[in-house]
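**Student:** prediction below, plus the sequence it came from.
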Amino acid sequence: MPVPDDQPSFTLAYVPGVTPDKWVRKWHERMPAVPLTLVQVTPADAADTVRDREADAVLLRLPTDRTGLHAIPLYTETTVVVVPKDHLVAAADEVTLDDLADDIVLHPLDDTLDWEQPPGRPAIERPATTAAAIELVGAGVGLLVVPQSLARLHHRRDLVHRPVTDAPQSRVALSWLEDETTDLMEQFIGIVRGRTVNSTRGRPQDPATTERTRTPAKNKEPKDTGRGRRTRHPRSGGPKSGRGRHPRRRR
């Protein structure tokens, strides 16, 4: 059902492998009157989806072109190598890039890892997508190094993945337009950062409450507590002017 033009709404884009479910659930709990729409985008289109105002925010992988965008890194992903089950790497708990030096390692065009030099031997041509590269791994053409979430997304029974300890890592970030941090955007930022519903920056402000907070209380006469003044207690029987001293006796 389309959202009426006058009703507030929030659109969140995300790249494959990123799972925004827990934040979406929090949004529905805190903002039940504001619909949240999810849109999956390719890594290449992620930043432009926000720049073109097709989404209010996007969950993408760094590094990326951040021109005109804010970006809050949320977490860092483990990098893994995807191999056939009968490959030697499958017997290891973890590997290094040197362990892959003799293998063909596929480097898809949508790869988000920031390689100075991709590992292994290059394939004749680069696969167009990570999904296509996974198919080639299954066919025995080569291996694939990717963030762990993508290995899980494209899981196949004939393939396994193992951590690569010295490979570049991908960071998942929340990104939005630099000049447009709206109230709804602040709400979502509060959710992904784990702010509680009672946090000042994590909930909408009530103008009436804010005004009451800013209005100074009326001046009242201070109560006389008696502090700061000494109360003298003259000794009984002593003259007032003598401050409690006994008169001299006449001889």
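**Tutor:** Everything's here; your move.
**Student:** run the chain-centre distance for stretch 181-201.
**Tutor:** Centroid separation between stretch 181-201 and its chain, computed with Cα atoms, centre = their mean, to the nearest Å, is 11 Å.
**Student:** buried ones in it?
**Tutor:** Within stretch 181-201, the residues that count as buried by 16 or more other Cβ atoms under 10 Å are Leu184, Met185, Gln187, Phe188, Ile189, Gly190, Ile191, Val192, Arg195. Yep, even glycine has a C-beta here, placed from its N, CA and C like the rest.
**Student:** which of those lies closest to Ala92?
**Tutor:** For the buried residues of stretch 181-201, the residue nearest Ala92 by Cβ to Cβ is Val192; the value is 34.7 Å.
**Student:** output the buried residues of stretch 181-201 as a markdown table; include the columns pLDDT, distance to Ala71 and secondary structure.
**Tutor:** Output for the buried residues of stretch 181-201, formatted as a markdown table (pLDDT from 0 to 100; distance: Cβ to Cβ, whole Å; DSSP: H, G, I helix; E, B strand; the rest coil):
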| residue | pLDDT | distance to Ala71 | secondary structure |
| --- | --- | --- | --- |
| Leu184 | 96 | 18 | helix |
| Met185 | 96 | 13 | helix |
| Gln187 | 95 | 18 | helix |
| Phe188 | 96 | 14 | helix |
| Ile189 | 96 | 12 | helix |
| Gly190 | 95 | 17 | helix |
| Ile191 | 96 | 17 | helix |
| Val192 | 95 | 12 | helix |
| Arg195 | 83 | 18 | coil |
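**Student:** and which of the residues you listed is nearest Val82?
**Tutor:** For the buried residues of stretch 181-201, the closest approach to Val82 (Cβ to Cβ) belongs to Val192, at 28.3 Å.
**Student:** nearest to Val18, of the buried residues of stretch 181-201?
**Tutor:** Val192 (11.5 Å).
**Student:** ok, that closest one - contacts?
**Tutor:** Contacts for Val192 (Cβ atoms under 8 Å, 6 or more residues apart in numbering) come out as Trp23, Ile72, Leu74, Leu174.
**Student:** any figure for the gap between it and Ser175?
**Tutor:** 11 Å (Cβ to Cβ, to the nearest Å).
**Student:** identify the contacts common to these two.
**Tutor:** Common contacts of Val192 and Ser175, defined by Cβ under 8 Å, 6+ apart, comprise Ile72.
**Student:** now that Thr165 has come up, it's in contact with Glu94, right?
**Tutor:** Yes - the pair Thr165 and Glu94 passes the contact test of Cβ atoms under 8 Å, sitting 5.5 Å apart.
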